[in-house]
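# Just need the structure, nothing else, for what follows:
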Amino acid sequence: MAEEKKDAAKAPAKKPATKAAVKAPATAAAVKAPAKAPAAEKATAAKATASTAPAAEKATVAKAPAAEKAVADKTVADKAPVAEKAPAAKATAAAVEPKVTTLKMHHLRPAPGSHKAKIRVGRGEGGRKGKTAGRGTKGTGARYQVPVAFEGGQTPLHMRIPKLRGFRSPFKVRYQVVNLDQLEALFPKGGKITKADLIARGAIRNNLPVKVLGDGDIAVKVTLVDADAVSRSAKTKIEAVGGTVNER
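Model prediction:
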């Protein structure tokens, strides 16, 4: 720029000899000026950026942590009230919402003030239910009163079961019972014991099965020959004394 100003100041002082000489320096300066100007501008721009770049970087680096802290503080400050308000909002919402109940048959009621006449059945063909009053034609459902125990015409249960003298099952086995203390009293010396011996001593009746039970204790050695059944406790006590048991 300084060189251009000097050239411009010197140019009017010289007296050009011809028009061509006057025009030549101007065109040369005009041609050279654009070529130098961009280079000078680029140099100055590069110097300016080189000088200002570190300062700008330092400024941005210095500002970045402060900006991040400010943003973090704002976010924490914004979130804290929301977290505190959330339970209160939920509580109010729960208090406002009505309790949901399931609609059931016993909840249904007629509309207030409504009156509906009952259906009058059995009033002939002119009535609402017609000739048979809604019961159909014949059958059990058409009768006036049907017993609860009615079984469709078959012999009912209360007539099938035995009555009067009672019922005695022909398949149940009924034993005559003899206990160990009775055996010891009837046979104090021990030995072999048969059903015939028990019948002779009057302990049992004839033609009925016999079962020996373990009530009482026995201290004599006995051998049961033809007992129909013997309980486990009686067998254990007899064998503990040295006796034997032969069941049928």
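# Show me the helices in the chain, by range?
2-13, 19-96, 157-160, 180-186, 195-200, 232-241 (DSSP state H).
# What strands line up against the lengthiest strand in the chain, and which way round?
If you go by DSSP state E, the chain has its longest strand at strand 222-227. Paired with strand 222-227 in the same sheet, following DSSP bridges, are strand 191-193 (parallel), strand 244-247 (parallel).
# Quick check: buried residues in the first one?
By neighbour count with 16 or more other Cβ atoms under 10 Å, strand 191-193 contains the buried residues I193. For every residue, glycine as well, the C-beta is placed using N, CA and C.
# now do stretch 212-219
For stretch 212-219, by 16+ other Cβ under 10 Å, it's V212, L213, G214, I218.
# contacts for it?
With Cβ atoms under 8 Å, 6 or more residues apart in numbering as the test, stretch 212-219 has contacts from 177-184, 224, 227, 229-238, 241, 243, 245.
# let's see 10 Å
Outside stretch 212-219, the residues within contact range by Cβ atoms under 10 Å, 6 or more residues apart in numbering are 175, 177-185, 187-188, 190, 193, 198, 222, 224, 227-238, 240-241, 243, 245, 247.
# what's the burial count for G152?
By the measure other Cβ atoms under 10 Å, the count of residues near G152 is 6.
# And for the one 5 residues further on?
Applying other Cβ under 10 Å, we find 9 residues neighbouring L157.
# quick one, what contacts the closest residue to it other than its chain neighbours?
Take L157 and drop its neighbours on the chain: the residue closest to it by Cβ to Cβ, 6 or more residues apart in numbering is A149, 6.8 Å away. A149 sits next to P156, L157, H158, M159 when contact means Cβ under 10 Å, 6+ apart.
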